[in-house]
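Chemist: I would like the atomic coordinates for the input below:
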Amino acid sequence: MIRNHPAKSLRIELRWPAALAVIVLWVLEKGLPNRFRLLSTGLDFIIFGVALIPMLTVGLTAGSPRWLRIERFTTSIFVLAVGGITLTTLVVLVEEMLRGKGDFNALELLASGIAIWVSNVIIFSLAFWHVDRGGPEARLNRLAIPADWFFPQEGVPDAVRPNWLPTFIDYLFLSFSTATAFSPTGAIPLNARAQLMLMLQSTISLLTIAVIAARAINILGS
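Modeler: Alright, predicted model coming up:
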């Protein structure tokens, strides 16, 4: 969507909030107990580095359409890869609990549950930010791409700054609200893709809280 847009007039959204979210994900992944970590040190360095380097250097390329396409591709791969790893970690952990495998320490289990839950919030915030209306540059340059979500700020234009558009923080709030309330309290999904993404995130969050966190609290209370 960006390739035919003149590079000299292309506006670029700041990347530091999204880059910071990727770094937090990295810290959470490395903080998991070794038996729940699916990535080796070298592999996680490659996966997170491949996402961070294009993201952090977009501003240095003067909005090069080619570099934006590279960043969009690496971000897509990163979200799918880390999202799949987080989901697999959750499934393995729940399976071990249900089958009575492993000697679970309550604090270790609770910390793992919190890490998975926070990772879920961050991964989906990146996904929402990445896909809605064609991505950050498509939104900022107001390309004619249908929206995936309708934000309340768009319904009250007099209460926000002129030409308001959602940024990464708005998608982070949407993701956090979905993970805590199991419903989209921050924005309204407008199509099937947005609805399915919200359903998947709510399911992961519910499973994390209902099974892992509840089991950890039960161990602490016994």
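Chemist: what about the helices in the chain?
Modeler: 16-31, 41-57, 65-98, 106-131, 136-140, 168-181, 192-207, 214-221 (DSSP state H).
Chemist: wait, which of these is closest to residue 149?
Modeler: Residue 149 lies closest, by C-beta to C-beta, to one member of the helices of the chain: helix 192-207, at 5.7 Å. Where you see a C-beta, it was placed from the backbone N, CA and C, and this is true even at glycine.
Chemist: Just the buried positions in that closest one, please.
Modeler: Buried residues in helix 192-207, counted by 16 or more other C-beta atoms under 10 Å: 194, 197-198, 200-202, 204-205, 207.
Chemist: Mind putting those residues into CSV with distance to residue 53 and pLDDT?
Modeler: Formatted as CSV, those follow (distance: C-beta to C-beta, whole Å; pLDDT from 0 to 100):
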residue, distance to residue 53, pLDDT
194, 29, 93
197, 26, 93
198, 30, 93
200, 28, 93
201, 27, 93
202, 32, 92
204, 28, 90
205, 30, 91
207, 33, 86
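Chemist: Any stretches of the chain with poor pLDDT?
Modeler: Flagging of the chain using pLDDT under 70 yields the residue ranges 1-9, 33-41, 59-63, 99-104, 219-222.
Chemist: quick one: the residue nearest the centre of it from residue 106, how far?
Modeler: With distances taken as C-alpha atoms, centre = their mean, residue 123 lies nearest the centre of the chain, 1.9 Å away. Distance from residue 123 to residue 106, counting by C-beta to C-beta, to the nearest Å: 26 Å.
Chemist: same deal with residue 199?
Modeler: Applying C-beta to C-beta to residue 199 and residue 106 gives a distance of 30 Å.
Chemist: ditto for residue 49
Modeler: Counting by C-beta to C-beta - residue 49 and residue 106 are separated by 34 Å.
Chemist: cool, residue 139 as well?
Modeler: Distance from residue 139 to residue 106, counting by C-beta to C-beta: 44 Å.
Chemist: These two: which is more packed in?
Modeler: residue 139 (19 against 15; other C-beta atoms under 10 Å).
Chemist: If I follow the layout properly, that one ends up in contact with residue 165?
Modeler: Yes: here residue 139 reaches residue 165: they are 5.4 Å apart, a contact under C-beta atoms under 8 Å.
Chemist: And the helices of the chain: which comes nearest residue 154?
Modeler: The minimum distance between residue 154 and the helices of the chain falls on helix 168-181, with 10.7 Å, by C-beta to C-beta.
Chemist: in the closest one, what counts as buried?
Modeler: Those would be 168, 170-179, for helix 168-181 by 16+ other C-beta under 10 Å.
Chemist: what comes into contact with that helix?
Modeler: 13, 17-18, 21, 117, 120-122, 124-126, 128-129, 132, 136, 149, 151, 183-187, 198, 201-202, 205 (C-beta atoms under 8 Å, 6 or more residues apart in numbering).
Chemist: Repeat that for stretch 141-160.
Modeler: By C-beta under 8 Å, 6+ apart, stretch 141-160 touches 1-2, 5, 9-11, 128, 131-134, 138, 164, 166, 170, 174, 184, 186-191, 193-194.
Chemist: Brilliant, that's me finished.
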